[in-house]
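J.: Give me a 3D structure for the following:
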Amino acid sequence: MTMPDSVVRRAHAFPAWLDALLDDPLHPGLLAERLDQRGVTLYQPWHEGLVGNPWRGQIHGGALTVLLDKATRAAALTVMPSTEGVVPLDLRVDHLSPTLGREGLRVRAACHHLTRTVAFVEATVTELNSSLPVVVGTSSLLRNP
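T.: Residues are numbered from 1 along each chain as shown. Model (predicted):
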């Protein structure tokens, strides 16, 4: 699995909780590119386990949904105290177009509102070399102190 140079240059040490969240045998190679005050950017390299339509080679919708779920949880955790966790309440996923994702996928998630009990997060998945979204989603996550 070879990562593009642009991804390797951005990837660096992140908190242990983020590494634990991204460690998933169904999404091997998933890594964080950027972490900031509002959210996270993740990179998912292509691998054949992501393919849901072998005749066309398209990424499975469930794999894209799991990617959104991980990204929205990570984004919520970036804006909360390190002693807190989150539990998903709701995840809305809109598949805008099928994707082959041969160059890999990038997902950007940002927490746009944080209350005492709930984090509201938006996320967008694009192919690595495109700015056009293939999947967008919103998530509501219950804060778990």
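J.: now the helices for the protein?
T.: 5-10, 16-22, 61-78 (DSSP state H).
J.: Put together JSON lines for these, with mean neighbour count and mean pLDDT on each row.
T.: Where you see a C-beta, it was placed from the backbone N, CA and C, and this is true even at glycine. Shown next, in JSON lines, are these (neighbours: other C-beta atoms under 10 Å; pLDDT from 0 to 100):
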{"stretch": "helix 5-10", "mean neighbour count": "12", "mean pLDDT": "48"}
{"stretch": "helix 16-22", "mean neighbour count": "14", "mean pLDDT": "82"}
{"stretch": "helix 61-78", "mean neighbour count": "23", "mean pLDDT": "93"}
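J.: Backbone dihedrals for the spatially closest residue to G29 that is not a sequence neighbour, please?
T.: Nearest residue to G29 in three dimensions, chain neighbours excluded: P45, at 4.3 Å (C-beta to C-beta, 6 or more residues apart in numbering). Here is the backbone geometry of P45 (degrees, to the nearest 10): phi -70, psi 150.
J.: Could I get the pLDDT score of P45?
T.: Note on P45: pLDDT of 92.
J.: What sits closest to S97 if chain neighbours are left out?
T.: Of all residues not flanking S97 in the chain, V134 sits nearest, at 5.3 Å (C-beta to C-beta, 6+ apart).
J.: what's the distance between the one you found and E84?
T.: V134 is 31 Å from E84, where distance means C-beta to C-beta, to the nearest Å.
J.: These two - which one has more neighbours?
T.: V134 (19 against 13; other C-beta atoms under 10 Å).
J.: shaky segments in the protein?
T.: 1-13 (pLDDT under 70).
J.: go with 50
T.: Of all residues in the chain, those with pLDDT under 50 make up the ranges 1-2, 7-11.
J.: Skipping adjacent residues, who's closest to the residue nearest the centre of it in space?
T.: Per C-alpha atoms, centre = their mean, the C-alpha nearest to the average position across the chain is that of A71, at 3.0 Å. Distance criterion C-beta to C-beta, 6+ apart; nearest residue to A71, sequence neighbours excluded, is A109 at 3.8 Å.
J.: Good, we can wrap up now.
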